[in-house]
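# Generate coordinates for the sequence data below:
(chains A and B)
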Amino acid sequence: MAWAALHAERPDTSLVRQDARHLRGVMLMSGPAGGLARLTYQVNPLLPCASPGLDGHWVARLTDLLPALEAAARRDRAQVSLISAPVAAFVAARGDLALEAVVGRLGGTPGAADPLAQPRLLAQLQARFHPTLLPALGAWIAERLDALVEVWHSRPRRAALRPRVRDLAVSGQLAALLNLLDDPQARRSDEHEVQRAAGDLGRLDAMLARLAAGGPARAERARRLGQEVAAGIGLSALAMLLVIAALG
Amino acid sequence: MAKSPGAKSRPAAAPRATADPGRSNALMWMQGLACGSLVAMLPPTALLLGVLLGPALVALYLDRQSGKPIARSVLLCTLAASVKPVRRLWAAGHGAAASIALATDAAVVGTAWAAAAAGWLLAELAPVVVRVVLEMLSRSHAARVRAVRAALAEQWGLDPTNQPPT
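Take a look at the predicted model:
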């Protein structure tokens, strides 16, 4: 502020104050979309992405990111997190609010994150900045297929999705892959169905408990029914002999 | 003065509560009257039936269950076995000598009393057989429910460790 006040060519202290507030907010923001790394990219618009996985590639704009990631995936498909913290901070700093929201869903730790977060970010980047096929990135996603389809509760649905997702992933159509996995209506339906199945399971358990505890009631019912059966047999015998006597 | 509905219904409920014992007594009187009439008007038949239905009468006395289910079964079976001797009595002229002859015939009495025993056995065994059938049906139903439950748990990956009640 003091520096801004001393320079006559930049007299608008309110604008500088607003910028400072925004940058402070960015630095204090938790998760991959905030922090010091994000702030570094935010205040240095020409700074290239400093992710160690992108060695040899100069990535200063978002349009350059996906080819670099594609090359990294082709080189080492086994790496756990293709979108490292510097890449996430870079995307959050260079992208708009929508991309920042997608980066925010990546989560701080790999285990706690939404399994679809990385494919979602890659699909968004592909759709907006690099609309060509990305087979190496697709293969990287296909290696994590089991974790991706686990967002679905229905196991038959998982089994049906698995080959289709694998085909789309290997062909590099990330957006189509995401549409298949991240269909909100189908996932709501899946959630609704699993809740209904849990309810059905509870009802079946209650029915089994009733059957298990119904022994005395069945014994009493059997006693009454058995006595009626005995009386019925006796009455039938009497009626039959009376008819025979009447006819004979 | 107007009466409340409760006050009106209360006097009517009291005789209804005592109606069952009264009806039971009336039934008892009617049965006694029928037996007395039988003895007075048809003494040979009454004698024969008295001998043949002896076990049934004992069962009626001994059975303390509601509705006398064992005695009912014994009585019906014994009555079924008594049809032929009574018919023979009437065919023989319905005389006292014929009645005594039949009542002392070991085959006739044995058949009637064996029928009484069969009635008793039937009344004892039928609940056991029905119980076995009901248990089998229940187990079969439980097995079907358990299979449906397992399929549901498998389809949705729900609580594989939580076992259903057996």
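# what's the span of stretch A:87-105, first residue to last?
Stretch A:87-105 has an end-to-end distance of 14 Å (C-alpha to C-alpha, to the nearest Å).
# That one: how far from the chain's middle?
On the basis of C-alpha atoms, centre = their mean, to the nearest Å, stretch A:87-105 sits 18 Å off its chain's mean C-alpha point.
# so how many other residues sit close to residue 69?
Going with chain A. 27 (other C-beta atoms under 10 Å in any protein chain shown). For the C-beta atoms, the positions are set from N, CA and C on the backbone; glycine is no exception.
# Wait, chain B was what I had in mind.
Around B:Pro69 there are 20 other residues, counting by other C-beta under 10 Å.
# Can you check the pLDDT for it?
pLDDT for B:Pro69: 90.
# so it sits right up against B:Asp63, yeah?
Yes. B:Pro69 is within contact range of B:Asp63, at 7.4 Å (criterion: C-beta atoms under 8 Å).
# Give me the pLDDT for B:Lys8.
pLDDT, B:Lys8: 43.
# try B:Pro55
Predicted confidence (pLDDT) for B:Pro55: 93.
# thought it was touching B:Leu79?
No. With contact defined as C-beta under 8 Å, B:Pro55 does not count as touching B:Leu79 (11.6 Å).
# Among the two, which residue is more densely surrounded?
Neighbour tally, B:Pro55 and B:Leu79, criterion other C-beta under 10 Å: the higher count belongs to B:Leu79, 24 against 21.
# what about A:Ala127, helix or strand, and which?
helix A:117-129 (DSSP states H and E).
# so what secondary structure elements neighbour that helix?
If contacts are counted by 3 or more C-beta pairs under 8 Å, 6 or more residues apart in numbering or on different chains; DSSP states H and E, helix A:117-129 sits against helix A:62-75, helix A:97-104, helix A:135-142, helix A:174-181.
# Now tabulate those helices in TSV and tack on mean pLDDT and distance to chain B.
Converted to TSV, the helices and strands packed on helix A:117-129 look like this (pLDDT from 0 to 100; distance: least, C-beta to the nearest C-beta, whole Å):
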stretch	mean pLDDT	distance to chain B
helix A:62-75	85	30
helix A:97-104	84	28
helix A:135-142	86	22
helix A:174-181	85	18
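# Show me the shaky parts of chain A.
Applying pLDDT under 70 to chain A flags residues A:1-11, A:55, A:77-80, A:108-113.
# got the residue ranges for the helices in chain A?
For chain A, the helices defined by DSSP state H cover A:2-6, A:13-28, A:36-43, A:62-75, A:85-94, A:97-104, A:117-129, A:135-142, A:145-149, A:155-171, A:174-181, A:184-213, A:215-247.
# circling back: highest mean neighbour count across the helices and strands packed on helix A:117-129, which stretch is it?
Comparing the helices and strands packed on helix A:117-129 by mean neighbour count (mean count of other C-beta atoms under 10 Å in any protein chain shown), helix A:135-142 ranks first with a mean of 22.
# Now do that helix: which elements does it pack against?
Partner elements for helix A:135-142 (3+ C-beta pairs under 8 Å, 6+ apart): helix A:62-75, helix A:117-129, helix A:155-171, helix A:174-181.
# Could you give me the buried positions within the third one?
Taking 16 or more other C-beta atoms under 10 Å in any protein chain shown as the basis for neighbour counts, the residues of helix A:155-171 that come out buried are A:157-158, A:161, A:165-166, A:168-169, A:171.
# other SSEs contacting the host helix or strand of B:Leu121?
Taking DSSP H and E as the definition, B:Leu121 sits inside helix B:106-156. Contact partners of helix B:106-156 among helices and strands, from 3+ C-beta pairs under 8 Å, 6+ apart: helix A:155-171, helix A:184-213, helix A:215-247, helix B:43-52, helix B:54-62, helix B:69-91.
# quick one: A:Arg61 from chain B, how far?
44 Å (C-beta to the nearest C-beta, to the nearest Å).
# Skipping adjacent residues, who's closest to that residue in space?
A:Arg94 (6.9 Å; C-beta to C-beta, 6 or more residues apart in numbering or on different chains).
# what does B:Val51 give?
B:Ala103 (4.2 Å).
# right, and the one you found touches B:Ala112 too?
No. B:Ala103 is beyond contact range of B:Ala112, at 9.9 Å (criterion: C-beta under 8 Å).
# what sits in contact with each of the two?
Listed as contacting both B:Ala103 and B:Ala112 by C-beta atoms under 8 Å, 6 or more residues apart in numbering or on different chains are B:Leu52.
# So between these two, which is more surrounded?
B:Ala112 (27 against 19).
# List the contacts of the more buried one.
Contacts of B:Ala112 (C-beta under 8 Å, 6+ apart): B:52-53, B:78, B:81-82, B:85.
# where's it relative to B:Ser82, distance?
Here the distance between B:Ala112 and B:Ser82 works out to 6 Å (C-beta to C-beta, to the nearest Å).
# tell me, what's touching the two both at once?
With C-beta under 8 Å, 6+ apart as the test, B:Ala112 and B:Ser82 both reach B:52-53.
# What distance do you get for the residue nearest to B:Val51 to A:Pro163?
Counting by C-beta to C-beta, the separation of B:Ala103 from A:Pro163 is 90 Å.
# next one: A:Asp190
For A:Asp190, the distance to A:Pro163 (C-beta to C-beta) stands at 18 Å.
# how many other residues sit next to the closest residue to B:Leu79 other than its chain neighbours?
Distances taken as C-beta to C-beta, 6+ apart put A:Leu238 closest to B:Leu79, at 5.2 Å, once the chain neighbours are dropped. Applying other C-beta under 10 Å, we find 19 residues neighbouring A:Leu238.
# I'd say A:Leu238 and B:Lys84 touch.
No. The criterion here is C-beta under 8 Å, and A:Leu238 misses it with B:Lys84 at 11.8 Å.
# Please list the residues outside stretch B:71-86 that contact it.
By C-beta under 8 Å, 6+ apart, stretch B:71-86 touches A:227, A:230-231, A:233-235, A:237-238, A:240-242, A:244-245, B:45, B:48-49, B:52-53, B:55-56, B:59-60, B:62-63, B:102, B:108, B:111-116, B:118-120, B:122-123.
# and with 6 Å instead?
A:230-231, A:234-235, A:237-238, A:241-242, A:245, B:52-53, B:56, B:59-60, B:63, B:102, B:108, B:111-112, B:115-116, B:118-120, B:122-123 (C-beta atoms under 6 Å, 6 or more residues apart in numbering or on different chains).
# Equivalent analysis for stretch A:180-189, please.
With C-beta under 6 Å, 6+ apart, stretch A:180-189 has contacts from A:116, A:148, A:165.
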